[in-house]
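A.B. asks: would you be able to build a 3D model of this:
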Amino acid sequence: MFDALSERLRKTLGSLTGRGRVSEADVDAAMREVRLALLEADVNFKVVRDFIARVRERAIGANILESLTAGQQVVSIVNDELTALLSAGDRTFHLQGNPAVVMLVGLQGSGKTTSAAKLARHCVKLGRRPLLVAADPYRPAAADQLATLGKALDVPVHRAPVGTSVLAIAEGGLEAARRTARDVVIIDTAGRLTIDEVLMAEIAGLSSALKPAETLLVVDAMTGQEAVAVAEAFAVAVPLTGLVLTKIDGDARGGAALSISAVTGLPVKFLGTGEKTDALEPFHPDRLAGRILGMGDVLTLIERAQDAFDATQAEKAAAKLQSGSFSLEDMLDQLQQVKKMGPLGQVMEMIPGLGGMARQAQDSVDRGDLRRTEAIIRSMTAGERRDPTILNGSRRRRIAAGSGTSIVEVNRLVKQFGEMQKLMKQLRGGRRLPGVFGR
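C.D. replies: Okay, here's the model as predicted:
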């Protein structure tokens, strides 16, 4: 979502970091570019105005302009202010009560039902025992969808017969939770295509009766500034405690994600980064700011790796790399592990210095490059995966036909794997690599 903004900010701020000392004119020129980049990303214009004013005030201080590392300090100021911009409110996910009640509200199509399942999975990771409640009596498909998601997660779902009132469904869910010793109740409420009085009265009544520990507004981040208007309208009707921004992996400009907390004062508590139930991240302003400015997000990368990678397999792979026995079979296993971490472009954004390559990496995935690599390896025999040197012309033709690729692509993969093995041998032998560890 932030690709275009991130690329432009990196380019603009990169021109400062290479200069050492900078003048007030240099700062003003950079701020003009930053202002344009934020406005083009659909960030609220008042938010942009205040943000630029704060950055400029700090950046033109005498102690900054006279410094030999002024450019780097200006980038640090932008990072600090961007983090502050995203840091409104209390981002703690509160689960008080027995059971703790979490109510999800929002417009139809914003991703409430999927977000309810994602939150249930998050609660399981916290050691809690959640119950999902399908409190949308107007759209039977929503209850069916929630039941399917709950079954996949092994989380029970409470639903009621058609015609049951919303309040009765929710109260029935609370009773079911107490009866089955479930300590968190996640209520998926009904949405509407637009904000209307009936919807607002309904969720206000639910809130008053249930007194939830969390009332989270689920907002589609791809709707731009409309998302801000939706948040403001819901905040008037019900005491919201936070926001869940969905579809953050989309190709919209990202302005809503940067504006919504600053305008409404509501904290963003979770980001929906994909369609699967594991694609939900607690929101960390400093980490998102780092991704946008190309500084990476190592902590989230580590957390995703811990969830995705089997520790035993990872240790075996590391040992094989060190011993020089890493095979195409091992490479296939590692590809499967990396895929569990999410879209490759997102992963690249988290690695410091590689944010600029994120789009290129994701384009490669979208073209099917990784899928073809997997198909080629899977079309090999076990012996061929362990020792690619036995791949003669007839074997390569068979592999190409079996994987639906070409001999050229098979040859390219085998060559790249051979080069990787040579690199590992050089590293193992302690030899210096040109352009990496010296000349």
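
A.B. asks: CA only for contacts and neighbour counts going forward, please
C.D. replies: Noted.

A.B. asks: tell me which residue lies farthest from the centre of this structure.
C.D. replies: When distances are taken from the C-alpha mean of the chain, residue 394 lies farthest, 44.1 Å away, according to Cα atoms, centre = their mean.

A.B. asks: can you tell me how far that one sits from residue 417?
C.D. replies: Here the criterion is Cα to Cα, to the nearest Å. By it, residue 394 lies 19 Å from residue 417.

A.B. asks: cool, and residue 59?
C.D. replies: Relative to residue 417, and taking Cα to Cα, residue 59 is found at 48 Å.

A.B. asks: which one of the two has more residues nearby?
C.D. replies: Neighbour totals were compared for residue 59 and residue 417, and residue 59 leads with 25 against 17 (other Cα atoms under 10 Å).

A.B. asks: once you drop chain neighbours, what's closest to the more buried one?
C.D. replies: residue 74 (5.7 Å; Cα to Cα, 6 or more residues apart in numbering).

A.B. asks: doesn't residue 61 make contact with the one you found?
C.D. replies: No. Using Cα atoms under 8 Å, residue 74 makes no contact with residue 61, being 10.4 Å away.

A.B. asks: tell me where the model's unsure across this protein.
C.D. replies: Applying pLDDT under 70 to the chain flags residues 1-4, 16-21, 62-71, 250-254, 291, 294-324, 339-367, 424-439.

A.B. asks: show me the domain layout of it.
C.D. replies: The record's domain parsing of the chain by automatic domain parsing lists 3-85, 100-295, 309-428.

A.B. asks: out of those domains, which is the most enclosed?
C.D. replies: Sort these by mean neighbour count, taking mean count of other Cα atoms under 10 Å, and domain 100-295 sits at the top with a mean of 20.

A.B. asks: just give me the longest helix of this protein.
C.D. replies: Using DSSP state H to assign secondary structure, the helix with the most residues in the chain is helix 407-428.

A.B. asks: the strands in the protein, which residues?
C.D. replies: 100-105, 130-135, 157-158, 184-189, 214-220, 242-246, 268-272, 280-282 (DSSP state E).

A.B. asks: so can I have a markdown table of those strands showing distance to residue 383?
C.D. replies: As requested, the strands of the chain are exported to a markdown table (distance: least, Cα to Cα, whole Å):
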| stretch | distance to residue 383 |
| --- | --- |
| strand 100-105 | 53 |
| strand 130-135 | 47 |
| strand 157-158 | 48 |
| strand 184-189 | 51 |
| strand 214-220 | 49 |
| strand 242-246 | 45 |
| strand 268-272 | 42 |
| strand 280-282 | 40 |
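
A.B. asks: to residue 40, which of those lies closest?
C.D. replies: Nearest to residue 40, of all these, is strand 214-220, at 18.8 Å by Cα to Cα.

A.B. asks: what packs against the closest one?
C.D. replies: strand 100-105, helix 225-237, strand 242-246 (3 or more Cα pairs under 8 Å, 6 or more residues apart in numbering; DSSP states H and E).

A.B. asks: in its sheet, what does the last one sit against?
C.D. replies: What it means is strand 242-246. Here strand 242-246 has these sheet partners by DSSP bridges: strand 214-220 (parallel), strand 268-272 (parallel).

A.B. asks: next, format the ones you listed as JSON lines and append distance to residue 375.
C.D. replies: Listed next are those as JSON lines, based on distance: least, Cα to Cα, whole Å:
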{"stretch": "strand 214-220", "distance to residue 375": "35"}
{"stretch": "strand 268-272", "distance to residue 375": "30"}
